[in-house]
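>>> starting from these lines, generate the structure:
(one chain, ligands or ions: 2)
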Amino acid sequence: MRRPLIIAPSILSADFADFGREIEAVEAQGADWVHVDVMDGHFVPNLTFGPPAVAAFRKHVTTVMDVHLMIAPVDPYIEAYAEAGADVITAHVEAGPHSHRTLQAIRATGKKAGIALNPGTPAEAVKPLLDLADLVCVMTVNPGFGGQRFLDMTDKIRALRAMIGDRPVQIEIDGGVTPETAPLVVAAGADVLVAGSAVFKGGSVQNPAPYGANIRAIRDSVLQARA
Ligand code: DX5
Ligand code: ZN
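Numbering: from 1, shown residues only. Ligands and ions are numbered 1, 2, ... in the order given. Predicted coordinates:
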């Protein structure tokens, strides 16, 4: 069975002074989802977007807004990001001792629930959570920054795919996705590819065609590897 491939550009690599037009440009150029990286300067060594910023992005998103919470604690902020208009809310399994409760809280908002694993966290950490999750995000960099080198987590992706079985759970890959690394992770079982620097490089709101070419290059690399 072939699952649809979803490309989710991360606006962490967009022009921070022009998010509305960047989102519109990358969607017009073929993005399937828009990935929003929320960082707290505590769980990860960087700071990004509070709920009001995410609510402002929402007005420009016509696809799916995929909100990746790299924050701890996470539970006190779930409702605020749901109200900001997230479609998918992903929390880290390392963010606290109660990931089960976190996923329940996300589902209670009516949003899709994701659980993310840092590179040092084994697949088994999310095994008891799979019935509560719509998505598992495998980090292929240590979270905090765009443009880092891809870490090979293909064994973990394969293990998760087997663990998920026939549950309707998507596997998302986040970090260092390029036309070179995309076929490896898709062959291992990934459905959703987050890509920041590989999508936004070379383009701009004034010259968005490179965004489209970059998205197609990732998609085509996967299709060619499958052929
Ligand atoms: C990293 C973020 C990623 C990041 C990916 O902490 O979660 O979403 O933006 O950026 P690239 O694709 O440049 O590795
Ligand atoms: Zn992310």
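
>>> Three-state assignment for E172, please.
When classified by DSSP: H, G, I helix; E, B strand; the rest coil, E172 comes out as strand.

>>> spell out which parts of the protein neighbour ligand 1.
The interface of the chain toward ligand 1, taken as C-beta under 6 Å from any ligand atom, is made up of 10, 12-13, 35, 37, 68, 141, 143-148, 174-177, 194-198. Bear in mind the C-beta positions are built from the backbone N, C-alpha and C, glycine included.

>>> only the buried subset of those residues, as a PyMOL command please.
Buried residues among the residues of the chain next to ligand 1 (16 or more other C-beta atoms under 10 Å), as a PyMOL selection:
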select buried, resi 10+12+13+35+37+68+141+143+144+145+146+174+175+176+177+194+195+196+197+198
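
>>> so which of the residues of the chain next to ligand 1 reach ligand 2?
Subset of the residues of the chain next to ligand 1 in contact with ligand 2: 37, 68, 174, counting by C-beta under 5 Å from the ion.

>>> could I get those as a markdown table with pLDDT?
What follows is these, written out as a markdown table (pLDDT from 0 to 100):
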| residue | pLDDT |
| --- | --- |
| D37 | 99 |
| H68 | 99 |
| D174 | 99 |
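
>>> let's see which of the residues of the chain next to ligand 1 end up in helices.
197-198 (DSSP state H).

>>> list the beta-bridge partners for whichever residue of the chain sits closest to ligand 2.
When scored by C-beta to the ion, the chain has H68 as its residue closest to ligand 2, at 3.7 Å. Here H68 shows beta-bridge partners D37, T90, assigned using DSSP bridges.

>>> would you check that H68 makes contact with L135?
No. The criterion here is C-beta atoms under 8 Å, and H68 misses it with L135 at 10.2 Å.

>>> overlap of the contact sets of these two?
90, 114 (C-beta atoms under 8 Å, 6 or more residues apart in numbering).

>>> average pLDDT for the top helix by length along the chain?
When the chain is scanned for its longest helix (criterion: DSSP H), the result is helix 209-226. For helix 209-226, mean pLDDT is 96.

>>> cool, stretch 105-113 as well?
Mean predicted lDDT for stretch 105-113 stands at 98.

>>> and what of stretch 16-35?
The model assigns stretch 16-35 a mean pLDDT of 98.

>>> residues contacting that stretch, please?
Contacts of stretch 16-35 (C-beta under 8 Å, 6+ apart): 6-11, 14-15, 53, 56-57, 59-66, 68, 88, 174, 192, 194, 196, 199-200, 203, 205, 208-209, 211-212, 215-216, 219.

>>> among the residues you listed, the buried ones, what's the PyMOL command?
Those of the contacts of stretch 16-35 that count as buried under 16+ other C-beta under 10 Å are selected in PyMOL with:
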select buried, resi 6+7+8+9+10+11+14+57+60+61+64+65+66+68+88+174+192+194+196+199+200+203+205+208+211+212+215+219
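
>>> related to what we said a few turns ago, which ones among the residues of the chain next to ligand 1 lie within strands?
Among these, DSSP state E puts 35, 37, 68, 174, 194-195 in strands.
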